[in-house]
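> build me a model:
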Amino acid sequence: MPERVVDTSALLDIAGAAKFLGLTDWQVRGLVKNKELPVITVGIKFYFRRATLVRWAERSEAMVRG
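You can find the predicted model right below:
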């Protein structure tokens, strides 16, 4: 099966996502592990779309507000 090619230049890695969300790398990894944060997996690496992180943060904020 051919390997999937993904342009990662438009994506954030774990450190970038953590910085963008104001979290630690380990907090982001925990959210991914618990399937709470949408992620793109390429091999063993995780990548995130900035727009997806914004939507996730907005939904999380709405749930906290009730």
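> packing partners of the longest helix seen in the chain?
Counting by DSSP state H, the longest helix found in the chain is helix 50-65. Other helices and strands packing on helix 50-65, by 3 or more CB pairs under 8 Å, 6 or more residues apart in numbering; DSSP states H and E, are helix 14-21. No exception for glycine: its C-beta is placed from N, CA and C like everyone else's.
> coming back round to it: now do the buried residues in the longest helix of the chain.
In terms of neighbour count (16 or more other CB atoms under 10 Å), helix 50-65 has its buried residues at Thr52, Leu53, Trp56.
> over to stretch 27-45?
Val28, Arg29, Leu31, Val32, Leu37, Val39.
> can you show me the CA trace of that stretch as PDB?
This file holds the C-alpha atoms of stretch 27-45, laid out as PDB (Å, rounded to 0.1, in the frame of the first residue of the first chain):
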ATOM      1  CA  GLN A  27      -1.600  18.200  28.200                       C
ATOM      2  CA  VAL A  28      -2.000  18.100  24.400                       C
ATOM      3  CA  ARG A  29      -0.800  14.500  24.300                       C
ATOM      4  CA  GLY A  30      -3.300  13.600  27.100                       C
ATOM      5  CA  LEU A  31      -6.100  15.100  25.100                       C
ATOM      6  CA  VAL A  32      -5.100  13.100  22.000                       C
ATOM      7  CA  LYS A  33      -4.700   9.900  24.000                       C
ATOM      8  CA  ASN A  34      -8.200  10.400  25.500                       C
ATOM      9  CA  LYS A  35      -9.600  11.200  22.000                       C
ATOM     10  CA  GLU A  36     -10.700  14.600  23.100                       C
ATOM     11  CA  LEU A  37      -8.600  16.600  20.600                       C
ATOM     12  CA  PRO A  38      -8.800  15.900  16.800                       C
ATOM     13  CA  VAL A  39      -5.400  14.900  15.400                       C
ATOM     14  CA  ILE A  40      -3.900  14.000  12.100                       C
ATOM     15  CA  THR A  41      -1.400  11.100  12.500                       C
ATOM     16  CA  VAL A  42       1.400  10.700  10.000                       C
ATOM     17  CA  GLY A  43       3.500   7.700  11.000                       C
ATOM     18  CA  ILE A  44       4.200   8.200  14.700                       C
ATOM     19  CA  LYS A  45       3.900  12.000  14.500                       C
END
